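Engineer: Could you look at this predicted model? Sequence included:
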Amino acid sequence: MVNLAQVVSFLTGYVEVLVRGAQLEKLLNLLTNSGLYLWDVKHLANGVIQLKIRSHGFLQIRRLIRHTHSTVRIYRKRGWPFIRRKLGRRKMFWIGAVAFMALLFYLSSRVLFIKVDGFAGGERKLLLTNLSELGLKPGMTRRDLYAKKNLIEREIMIHTPGAVWLGITVQGVVAEVKVVKRKTAPAPLLGCDIIAGHDGVISKLVVVRGVPVVKEGDTVARGDLLISGAEWLKDPETDNLVKYDVNASGIVEAKTWYDLEAIEPKIVWRPVVKTDRHIGYKLRWGRKLWSIGVIGQKPFGNYYWVRWHRHLYQGRNLFDSVEIIKDTWQAVNWSRMVRSRREIEDAARAEIDSKLKVLNISRNSSSLTWSEEGNFVKLTLTCEKQEDIAMISPRMERGP
């Protein structure tokens, strides 16, 4: 731990000296009684000691050195005054540092890289060529880019028909061009049928195009033909019936039923965490990981592990960050527990409710059935739903 005396010694400057003589104990007593601040006094050999003293105090010990017939030699100079004097003599260092900062400031004011997100291959090369002609290329100043950003976005959209949206953002020295590629709609089907996507009883039938095969009140199974895409029309010249394949369309609503199941065990094994803990602290800097310290002994066998971390510095990507990591291990024992009937039923109902939420079905039109199979309790729920079961299918020879 750095104390105030060490900070003052660094700011005022201090020296490490070697003292030789036969009356070293007398010398140390005289130095201490004179009010000088000494520290790190070490006995190196017979008649030789090493100590640290502030630079202004070193000028005051000559009389005491002569009085004890000792010799003193400066071994090392430390502190800010000596560092400042040393740096003052290194003119080329300061010139290089100023030049480096100027170059860094100059480069940071320009766009050095262009990143394209959304296009690849030939489309990406063509986009970069068009951007370069409009002025967006490596070396462009960020001030010019901000001034021309809207103009470049408008002009590049004219030369890029394959894009439905384009935006330019600047992050440091990188200009990121995000493109949303235009998607071509699939070609329409040349004739299709409407078939049942689920079992049910037809409650509503509206035909927009095609020939209905079922009527309201009919019971259908999954895959049955509902509306045919084959239309028979009379040829006005020959009066013969000619079959045309069309894209059948319409609305077919039906009353359907779903059987949902939830199975819960009567006996479960649950972990019981012990109070003893093993804690390990680590420091991660980029891809490197250092262990700082551990508390306690790591458990063997089954254990419960929790990781906590806090970022100290977040760079541009994951591998530039610095964070503190705390890992906690606790030994666990597995305990056999018999679940209560209420707990089993609540868990089963919660699972059923999650399935109903996915299917968008309410419980109002449903029935529950409980059954037991060995060490398991089974909940079966039959629910009713009104839904559109129409599903498009390619034309097939099904009859009409």
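Structural biologist: Cool, the structure landed.
Engineer: Just the pLDDT for the nearest residue to Trp305 once chain neighbours are set aside.
Structural biologist: Nearest residue to Trp305, sequence neighbours excluded (C-beta to C-beta, 6 or more residues apart in numbering): Trp329, at 5.4 Å. Any C-beta I mention is one placed from the backbone N, CA and C, and that applies to glycine too. Turning to Trp329, the model gives it a pLDDT of 85.
Engineer: Mind giving me the packing neighbours of the host helix or strand of Trp329?
Structural biologist: Assigned by DSSP states H and E, Trp329 belongs to strand 322-338. Packing partners of strand 322-338 (3 or more C-beta pairs under 8 Å, 6 or more residues apart in numbering; DSSP states H and E): strand 267-273, strand 278-285, strand 303-313.
Engineer: OK, contacts around the residue with the largest distance to the centre of the chain?
Structural biologist: The C-alpha centroid of the chain is most remote from His67, which lies 71.4 Å away (C-alpha atoms, centre = their mean). Contact analysis of His67 by C-beta atoms under 8 Å, 6 or more residues apart in numbering lists Leu30.
Engineer: ok, now with 10 Å
Structural biologist: Going by C-beta atoms under 10 Å, 6 or more residues apart in numbering, His67 touches Gln23, Lys26, Leu27, Leu30.
Engineer: Make a markdown table from the helices and strands packed on strand 322-338 and add mean pLDDT, distance to Lys385 and mean neighbour count to it.
Structural biologist: Supplementary listing: the helices and strands packed on strand 322-338 in a markdown table, determined by pLDDT from 0 to 100; distance: least, C-beta to C-beta, whole Å; neighbours: other C-beta atoms under 10 Å:
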| stretch | mean pLDDT | distance to Lys385 | mean neighbour count |
| --- | --- | --- | --- |
| strand 267-273 | 84 | 33 | 12 |
| strand 278-285 | 87 | 52 | 16 |
| strand 303-313 | 82 | 43 | 11 |
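Engineer: Distance check, Arg66 against Pro265.
Structural biologist: Applying C-beta to C-beta, to the nearest Å, one obtains 93 Å for the distance of Arg66 from Pro265.
Engineer: scratch that, Leu126
Structural biologist: When Leu126 is compared with Pro265 (using C-beta to C-beta), they lie 61 Å apart.
Engineer: And Arg62, by the same measure?
Structural biologist: Computed as C-beta to C-beta, the Arg62 to Pro265 distance reads 90 Å.
Engineer: what does Arg395 give?
Structural biologist: Distance, Arg395 to Pro265, by C-beta to C-beta: 50 Å.
Engineer: ok, these two, which is more surrounded?
Structural biologist: Arg395 (17 against 13; other C-beta atoms under 10 Å).
Engineer: give me the number of residues near the residue nearest to Trp305?
Structural biologist: Neighbour tally, Trp329, other C-beta under 10 Å: 18.
Engineer: Correct me if wrong: it contacts Gly301.
Structural biologist: No - Trp329 is not in contact with Gly301 according to C-beta atoms under 10 Å; the separation is 11.2 Å.
Engineer: could you give me the average pLDDT of stretch 148-163?
Structural biologist: Per-residue scores along stretch 148-163 average to 82.
Engineer: Can you tell me what sits against that stretch?
Structural biologist: 118-119, 123, 126-127, 129-131, 133-136, 140, 145, 164-170, 175, 177-182, 184.
Engineer: Over to stretch 329-338?
Structural biologist: The contact list for stretch 329-338 (C-beta under 10 Å, 6+ apart) reads 266-280, 296-306, 343, 375.
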